[in-house]
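Chemist: just coords:
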């Protein structure tokens, strides 16, 4: 019986301690907004009537693309890569093998020939 009294007293003291640290209710705080109600309602009406508002991005086709590289430089690099000699040969095809290119790059040869012909034409 003494044990039950001790446990009850401990439980009551625990509840009293928890109640002493409870927060007080300050009521509902007033909302603070920089936009008035009429502007918010007008924006909501515009958003609700917007076309394709539930369509995920990218489902309407490709997004507009804006290039950041110089198109002529990209084209020259693509031509040089496409005409690179020994582009399908790798050094790892045999043990201790090396690829020694003996072929000139055809794109470089064509560009050099065009440069030599252009000054002569002037």
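Modeler: That came through fine. The structure presented is a predicted model; accordingly, all values stated were derived computationally and were not measured.
Chemist: what about the helices in this protein?
Modeler: Secondary structure of the chain (DSSP state H): helices at 2-20, 37-48, 71-82, 106-121.
Chemist: counting contacts, what elements does the third one pack onto?
Modeler: Think helix 71-82. If you count contacts as 3 or more Cβ pairs under 8 Å, 6 or more residues apart in numbering; DSSP states H and E, helix 71-82 packs onto helix 106-121. Where you see a C-beta, it was placed from the backbone N, CA and C, and this is true even at glycine.
Chemist: Report the buried residues of the helix it packs on.
Modeler: residue 107 (16 or more other Cβ atoms under 10 Å).
Chemist: chain center to that helix: distance?
Modeler: Centroid separation between helix 106-121 and its chain, computed with Cα atoms, centre = their mean, to the nearest Å, is 43 Å.
Chemist: and that helix, what does it pack onto?
Modeler: Where contact means 3+ Cβ pairs under 8 Å, 6+ apart, helix 106-121 is packed against helix 71-82.
Chemist: quick check: mean pLDDT across the helix it packs on?
Modeler: Averaged over helix 71-82, pLDDT sits at 89.
Chemist: Kindly report the same for stretch 13-29.
Modeler: 68.
Chemist: Go ahead and flag the most central residue of the chain.
Modeler: residue 57 (13.3 Å; Cα atoms, centre = their mean).
Chemist: do you know how far that residue is from residue 48?
Modeler: 19 Å (Cβ to Cβ, to the nearest Å).
Chemist: Residue 54 too?
Modeler: Residue 54 is 11 Å from residue 48, by Cβ to Cβ.
Chemist: Local confidence estimate at residue 46?
Modeler: pLDDT, read off for residue 46, is 90.
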